[in-house]
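Trainee: coords please:
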Amino acid sequence: MHITAMSSNNTGQFDKYWRAFRDRKGIIIDVRGNGGGWTEYFIIDKLERRMTAQNVLRGMVPFRYPGSVTTGPIAVLTNEYNGSDGEAFLEHFKARKLGTIIGVPSWGGLVGILNGQTTIDNGTIQQSNNAFYNDKGQWLIENHGGDPDILLENDPATASAGRDVQLEKAIEVLLKQAKDKPFSWPAVPKYPIR
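Mentor: Below is the predicted model of the structure:
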């Protein structure tokens, strides 16, 4: 699922994909080119949900409870065009240990888009006026970017040949994780006789 920004429209975009794909053996969330916004924590809230039980109607196939969970591994794709709240998504995803991030560091402007100044040649300079830091007292993102777990660039030659090596790597990682730790339904207990 490609999430192009972190606004209310994109939360709806994510929810549409989430409803369609959450029961798959693995999910890839692509935030390459994400323009940011303010809603990444809505997406994280969904990703953090865990299955607490199985629900079954007599004689039917069990389903997950709550229904809005995934039981498969998750990979995130990022690149140098992922910025602002898209970068906050990376750090939040990483801090909550929700899966594997693949790609190159994001652009490093998590809060650097608040005070844009136009230059004489019609360019723009962004000057941040606040920044995030973690519980270890280390600055996050600003002027550095969000680091992936697997550093992999989509080089121009490969991209021109029609390949997406970051996506290919995400599929490879998820297939291995799904094989190493497959989800299986516990047996439905015997129904009580009353």
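Trainee: Lowest mean pLDDT among the helices and strands of the chain, which one is it?
Mentor: Here the helix or strand of the chain ranked lowest by mean pLDDT, DSSP states H and E is strand 124-125, holding a mean of 82.
Trainee: Give me the distance from the very next helix or strand once past that one to the chain's centre.
Mentor: Next helix or strand after strand 124-125 toward the C-terminus (DSSP states H and E): strand 132-133. Centroid displacement of strand 132-133 relative to its chain, using CA atoms, centre = their mean, to the nearest Å, is 20 Å.
Trainee: Same question for stretch 59-67.
Mentor: Using CA atoms, centre = their mean, the distance from the centre of stretch 59-67 to the centre of the chain it belongs to is 25 Å.
Trainee: Please shift the residue numbers so they start at 16 in all later answers.
Mentor: Sure, I'll start counting at 16 from here, so that last one is stretch 74-82.
Trainee: Tell me which residues are up against that stretch.
Mentor: Under the criterion CB atoms under 8 Å, 6 or more residues apart in numbering, residues 38, 64, 66-71, 86, 200, 203 lie in contact with stretch 74-82. For the C-beta atoms, the positions are set from N, CA and C on the backbone; glycine is no exception.
Trainee: Start from the N-terminal end of this structure and give the strands.
Mentor: Ranges of strands within the chain are 42-45, 68-70, 78-80, 89-93, 115-118, 132-133, 139-140, 147-148, 154-155, 165-166, based on DSSP state E.
Trainee: Show me what the fifth one is packed up against.
Mentor: This means strand 115-118. Under the contact criterion of 3 or more CB pairs under 8 Å, 6 or more residues apart in numbering; DSSP states H and E, the helices and strands touching strand 115-118 comprise strand 89-93, helix 100-110, strand 165-166, helix 180-195.
Trainee: Check the ones you listed for me and report the most buried one.
Mentor: strand 89-93 (a mean of 25; mean count of other CB atoms under 10 Å).
Trainee: Can you list the neighbours in contact with it?
Mentor: 41-47, 62, 101, 104-105, 108, 113-121, 161, 163, 181-182, 185, 188-189.
Trainee: And for stretch 140-149?
Mentor: With contact meaning CB under 8 Å, 6+ apart, stretch 140-149 is reached by 103, 106, 110, 124-132, 134, 154-157.
Trainee: hang on, isn't L113 packed against R65?
Mentor: No - using CB atoms under 8 Å, L113 makes no contact with R65, being 10.8 Å away.
Trainee: So the two - more neighbours on which side?
Mentor: It is L113, of L113 and R65, that has more neighbours when counted by other CB atoms under 10 Å, with 17 against 9.
Trainee: What does the pLDDT read for K205?
Mentor: The score at K205 is 87. That number is its pLDDT.
Trainee: That one: how many residues sit nearby?
Mentor: 6.
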